[in-house]
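In: predicted model, plus sequence, below.
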Amino acid sequence: MDKLVLSFNDIPLILVIFQSLLFSILLLTANLGRRQANFFLAMFLLAIGLDAFDSLIYWSPSIKVAYLDGAVHIFYWLKFSVYLAAPMLFFYVKSMIDPDFKLHWRYAVHLLPLLLFPLFIIGLYTSLTPEERVLGITQFGLLYKEPVFQMHLWMRHFLYVGYGIGCFYLLFQYKNRLKQHYSNIENIDMFWLQMLIGGFLMIWVWVFISYLLTLLNASQWIGNLIGISGNVFSFVFVNALVLYSMAHSTIGYRRVVSEEEKSDAPEPEKYDPLIMTKLNQLMKDKELYLDPEFTLEQLAEVSEIPVRKISAAINRDAGQNFFDYINFHRVQKAAYILASRNGKTSMLDVMADAGFNSKSTFYRAFKKFLHMTPTDYVDQLNRKN
């Protein structure tokens, strides 16, 4: 048997392979967090590991010679991993932001590329002679000339980048739906999930750039540098993804009505223009916004108006979501407190007395509705006095 010699470039890939496998087993066997989310994350990591293995065996001549001499098919069939990884990340994010998420037949479209992968193999094998299939293992240029293989490469990059962007869009939708129901969303920690999705998206865009440079016949060392750094980033983010997901496995994401559920709901009743009048009067008389955790459902209970009618009225008449509607009243209260106390009260006290429990939300809302910071507002009051 030929001596196995590993290069420095192989080490990050080997680490990604073993870590992905070990973490997948851990997620599937550990009784921690949500089982469904763990399953999707395990499948994603397993696919990432297989993708790294596919890269390792192709670009490491010593491994080909030492262990895979004559094993032609593995170099082609392993390329299914991208078609599994991308949708699994999407399902993982869905299951993290929606505790009630369940796979439905309509989600089968995400697995369609994976199901069609055998057709790619048939097409590739048909376009290559048996001798060319063997040569393709060492002569990548031969595969580059094949339209079927080129289609796979483009699909690979579009799936990774597209699903990475799609996961960000899921978080964006979730945050917007939260604002339709809650007046405080600061205790919902989505930052770690955004950073991790962003990390993998950065890797995939980075590798895509390397592919484009190859097509443009750019300097080979630039492409190699991008490829090697992409492997190192993969190693870092595989670790980060699992560690952060386990650390945040007990975080309770708030359930909100999904777009699918909205489509199945009955049409709203006839619009009543007096709803906003009643809501504004309640805010003035009872100052319901002073409760930092005030929700749309609580407002519906106090006002005895259905949730759908309140939400529609706030969206239509005020041009706001529930989050902004409540924080607008809190800002008005904060401005009144600052004016009545001549700016002698600390901002933290003003914030708390107006119903805010987050300094960042307080400052953002104040600047959004009064177009200045609380400090500038106090300075303006002092100049008038």
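Out: All right, it came through fine.

In: how near is Gln173 to Lys179?
Out: 11 Å (Cβ to Cβ, to the nearest Å). The C-beta positions use only the backbone N, C-alpha and C, and glycine is treated the same way.

In: actually Ala86, not the one I typed
Out: Ala86 is 29 Å from Lys179, by Cβ to Cβ.

In: these two: which is more packed in?
Out: Ala86 (26 against 20; other Cβ atoms under 10 Å).

In: tell me which helix or strand comes right after whichever helix or strand that one is part of.
Out: Assessed by DSSP states H and E, Ala86 sits inside helix 81-97. Using DSSP H and E, the helix or strand that follows helix 81-97 in sequence is helix 112-115.

In: next secondary structure after that following helix?
Out: Scanning onward from helix 112-115 (DSSP H and E), the first element met is helix 117-127.

In: got the buried residues for that next one?
Out: Phe117, Phe120, Ile121, Gly123, Leu124 (16 or more other Cβ atoms under 10 Å).

In: rewinding a little: could you give the angle of the helix holding Ala86 to helix 117-127?
Out: With axes from the mean of the first three to the mean of the last three Cα atoms, to 10 degrees applied, the angle from helix 81-97 to helix 117-127 works out at 170 degrees.

In: quick one: average pLDDT of helix 81-97?
Out: Helix 81-97 carries an average pLDDT of 92.

In: packing partners for that helix?
Out: helix 35-59, helix 112-115, helix 147-179, helix 191-215 (3 or more Cβ pairs under 8 Å, 6 or more residues apart in numbering; DSSP states H and E).

In: hmm, try it at 6 Å
Out: Packing contacts for helix 81-97, counted by 3 or more Cβ pairs under 6 Å, 6 or more residues apart in numbering; DSSP states H and E, involve helix 35-59, helix 112-115, helix 147-179.

In: got the domain boundaries for this structure?
Out: 10-259, 268-384 (automatic domain parsing).

In: and those domains, which one's lowest on average pLDDT?
Out: domain 10-259 (a mean of 82).

In: for His371, what are phi and psi?
Out: Main-chain dihedrals, His371, degrees, to the nearest 10: phi 60, psi 30.

In: can you count the residues close to it?
Out: 9.

In: repeat that for Tyr107.
Out: 14.

In: how close does the closest residue to it other than its chain neighbours get to Pro99?
Out: Closest residue to Tyr107 apart from its sequence neighbours, by Cβ to Cβ, 6 or more residues apart in numbering: Phe91 at 7.4 Å. As judged by Cβ to Cβ, Phe91 and Pro99 stand 14 Å apart.

In: again with Asp317
Out: Counting by Cβ to Cβ, the gap from Asp317 to Pro99 is 32 Å.
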